[in-house]
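Student: Make a model of this:
(one chain, ligands or ions: 1)
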Amino acid sequence: MNGAKSIPKKLLQLIILTVLLVYGCGEQPVTYPARLMPDGLMQDVAQLQAGQALFRSKCASCHGKTSEGRYDRAAFFIPPAPDFTGAHYREMDPAYLYWRIEVGKTVEPYRSQGSVMPAWGAHFSEKKIWQLVAYLQVRAH
Ligand code: HEC
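Tutor: Numbers count the residues shown, from 1 in each chain. This next block holds a predicted model:
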């Protein structure tokens with residue numbers, strides 16, 4: 001083995017390994033279909049109330065506050081279920097929220113992470129999913 005040549009090769013292997021590890025363990029960018037929230041939805045009180053009612057009946061058991069009926073076991077989900085009060089949800093792409101409600105844990109990387117988020121696409125109309133998205137963004141503060 002030629003010592004002088006093998007050092008750079010090992011260095012190169014180390015660099016490749018580091019890049020793979022950093023990339024593999026970091027936040028992966030996810031891709032989802034582009035969608036536009038219907039115009040005026042965020043200002044439509046009736047639709048926001050419909051979203052809130054849906055949230056309370058179908059989502060609050062995992063995503064709500066204790067006063068909204070959050071399960072005790074929801075505290076132990078890994079990954080955890082956000083309560084959507086974080087201000088960043090206001091800035092988030094509505095198309096991402098729509099997609100997550102639609103497909104839940106059925107897609108990567110959420111499936112491998114052991115997510116318990118149900119996929120609601122087969123249960124809710126497009127209109128209802130948008131009502132939920134709008135409510136989540138209004139809920140954020
Ligand atoms: C059985 C518990 C459970 C129920 C019920 C549930 N979720 Fe989730 N949800 C989760 C968990 C856990 C996560 C975090 C893991 C993930 O992103 O998949 C999550 C993630 C999400 C996300 C992505 C959040 C983010 O920051 O990326 C959205 C959006 C969402 N849920 C919306 C809803 C809506 C709307 C409902 C009701 C129609 C609902 N969920 C019902 C458990 C639940």
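Student: Check which element follows the helix or strand of the chain with the lowest mean pLDDT along the chain.
Tutor: Ranked by mean pLDDT, DSSP states H and E, the weakest helix or strand in the chain is helix 3-25, scoring a mean of 66. The helix or strand immediately downstream of helix 3-25 is helix 45-54, counting by DSSP states H and E.
Student: what helices or strands is that following helix leaning on?
Tutor: For helix 45-54, the contact count by 3 or more CB pairs under 8 Å, 6 or more residues apart in numbering; DSSP states H and E identifies helix 126-139 as packing neighbours. The C-beta positions use only the backbone N, C-alpha and C, and glycine is treated the same way.
Student: what inclination does the helix it packs on have with respect to helix 45-54?
Tutor: 90 degrees (axes from the mean of the first three to the mean of the last three CA atoms, to 10 degrees).
Student: Helix 126-139: which residues count as buried?
Tutor: Using 16 or more other CB atoms under 10 Å as the test for burial, helix 126-139 gives 128-139.
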